[in-house]
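**Q** Quick one: sequence plus predicted model below, questions after.
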Amino acid sequence: MLTPAIGATLQSVEGSVLANTGSGYRAVGTGTPVSTGTQIMARGNGSASIVYQNGCIENVAPGTVVTVKPEGQCQAGLGTGALPSGALVAGAVVIAGGVGAAIALSKDDKPASP
C-alpha cells in the first residue's frame, strides 16, 4: 500500500485540533505533516492553519472540519479559510462608508414633484 505524499504542514495550532488519516482522529500540534485527504478538525476552542508546499494557507476555524486538498487546488496567496473577524469588520466599514458617500453625493435639494 502506498502512503500519500506529504502535501502540507499544520501551523499555528491552538487548543484542541485533531487529524484523521482514515483510522480515527488523533491529537496533532504545530509542525505536523499532513497528506492529501487527511481531515483536520478544530474543536470549539481549537484552530489551525494548513500550510501547503506552494505557500497557500487554509485556516481551520473552531468547530469545523477541513480536508487537506491536493496542492493544485489551493493557490499560493489565495487561502480558502476564513478571514480574521477584524478584517471583516474593517471591510464592512469601508463598504458602508462608500455607500453612504455615494448616496450623499447623488442627492439634490430639488423636490421630486411640484
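**A** Looks like it came in fine. Here the structure is a predicted model, which means the values were calculated and not measured.
**Q** so which strand or helix has Ala48?
**A** strand 47-52 (DSSP states H and E).
**Q** If you count contacts, what does that strand end up packed against?
**A** Under the contact criterion of 3 or more Cβ pairs under 8 Å, 6 or more residues apart in numbering; DSSP states H and E, strand 47-52 touches strand 6-14, strand 39-42, strand 57-60. Glycine gets a C-beta too; all of them are placed from N, C-alpha and C.
**Q** Mind listing what's buried along the first one?
**A** Spelled out, that is strand 6-14. Gly7, Ala8, Leu10, Val13 (16 or more other Cβ atoms under 10 Å).
**Q** can you tell me which of those residues lies nearest to Arg43?
**A** For the buried residues of strand 6-14, the closest approach to Arg43 (Cβ to Cβ) belongs to Val13, at 11.7 Å.
**Q** out of the helices and strands packed on strand 47-52, which comes closest to Thr32?
**A** strand 6-14 (4.5 Å).
**Q** Now the closest one: average pLDDT?
**A** Computed over strand 6-14, the mean pLDDT rounds to 92.
**Q** next SSE after it?
**A** strand 17-20.
**Q** Okay, now the sheet partners of that following strand, with direction.
**A** Strand pairing for strand 17-20, determined by DSSP bridges: strand 25-27 (antiparallel), strand 39-42 (antiparallel).
**Q** Show residues contacting it.
**A** Strand 17-20 is contacted from outside by 10, 25-29, 32, 34, 38-43, 46-48, 60, using Cβ atoms under 8 Å, 6 or more residues apart in numbering.
**Q** Could you rerun that using 10 Å?
**A** The contact list for strand 17-20 (Cβ atoms under 10 Å, 6 or more residues apart in numbering) reads 10, 24-30, 32, 34-35, 37-43, 45-48, 60, 62, 65, 67-68.
**Q** same question for that strand, mean pLDDT?
**A** The pLDDT scores in strand 17-20 average 97.
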